[in-house]
Structures are given as C-alpha cells and as structure tokens.
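Got a sequence here, can you build the structure:
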Amino acid sequence: MKPKTIDIEIERLLGVMRESHPSDEEYSIMANNLKTLYEAKTKESHIEWNIILPIIGQIFVTGMVLNHEHLNVITSRVGTFWRKI
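This is a model prediction of the structure:
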C-alpha cells in the first residue's frame, strides 16, 4: 500500500525535529505543525455517513423517478386521455 502524502510529510517533519534541539524557536513551530498534521490525518480518514447516506438515497430516488418517467410517459399520457373521454 502506497503511503499517503500526509504520512510522508509527518515522517519528514519528525526527521527534522530529531535533528533539532527542543529549546530552538523553530522546534515549537514544528511541534504545532506536527499537531496540525495529526489532526488533519484523523479527519481525513473519518467519513461522515450521516451526510453521505442521504445524498446516495436522493440520487437513487431521483434515478428511480427518472426511470419511471422515461418508461411510463406514454402510459400516463394515454391514461389522462382516456379519463377525458
């Protein structure tokens, strides 16, 4: 499995931090960046199913309605015509 870009960046940043001294000014900036990368990584893998499922449902219902309209256009037109007679 190919590592994700965010994992590669985390490893690169950890390598740079290993070579730096914790008292350096840039070290705290790198630590904040590392925290941000880990937060982004956890959000990246989390799927909001309560948002995805209704969208899939709406697409399915729309497809069913369009399919019904495509197949039953003549039947619905003839049905209204016969009611008028």
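
tally of neighbours for residue 41?
Residue 41 has 15 neighbouring residues, counting by other Cβ atoms under 10 Å. For the C-beta atoms, the positions are set from N, CA and C on the backbone; glycine is no exception.

for residue 49, same thing?
Residue 49 has 9 nearby residues by other Cβ under 10 Å.

That one and residue 55: what is the separation?
The spacing between residue 49 and residue 55, counted by Cβ to Cβ, to the nearest Å, is 11 Å.

now swap in residue 7 and tell me
Distance of residue 7 to residue 55, computed by Cβ to Cβ: 29 Å.

what about those two, which has more around it?
residue 7 (12 against 9).

Quick one: residues contacting the more buried one.
Counting by Cβ atoms under 8 Å, 6 or more residues apart in numbering, residue 7 touches residue 41.

Quickly find the element holding it.
Taking DSSP states H and E as the criterion, the element that holds residue 7 is helix 5-19.

Check residue 40 too.
Of the helices and strands defined by DSSP H and E, residue 40 is found in helix 25-45.

list the buried ones in that helix?
By 16 or more other Cβ atoms under 10 Å, the buried positions in helix 25-45 come out as 33-34.

go on, stretch 10-20?
Buried residues in stretch 10-20, defined by neighbour count with 16+ other Cβ under 10 Å: 10, 17.

Dump the C-alpha coordinates for it into PDB.
The C-alpha trace of stretch 10-20 is given here as PDB (Å, rounded to 0.1, in the frame of the first residue of the first chain):
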ATOM      1  CA  ILE A  10       4.700  13.700   9.100                       C
ATOM      2  CA  GLU A  11       7.700  11.400   8.800                       C
ATOM      3  CA  ARG A  12       9.800  14.200   7.100                       C
ATOM      4  CA  LEU A  13       8.800  16.600   9.900                       C
ATOM      5  CA  LEU A  14       9.700  14.100  12.600                       C
ATOM      6  CA  GLY A  15      13.100  13.600  11.000                       C
ATOM      7  CA  VAL A  16      13.800  17.300  11.000                       C
ATOM      8  CA  MET A  17      12.600  17.500  14.700                       C
ATOM      9  CA  ARG A  18      15.000  14.700  15.600                       C
ATOM     10  CA  GLU A  19      17.900  16.800  14.400                       C
ATOM     11  CA  SER A  20      16.700  20.000  16.200                       C
END
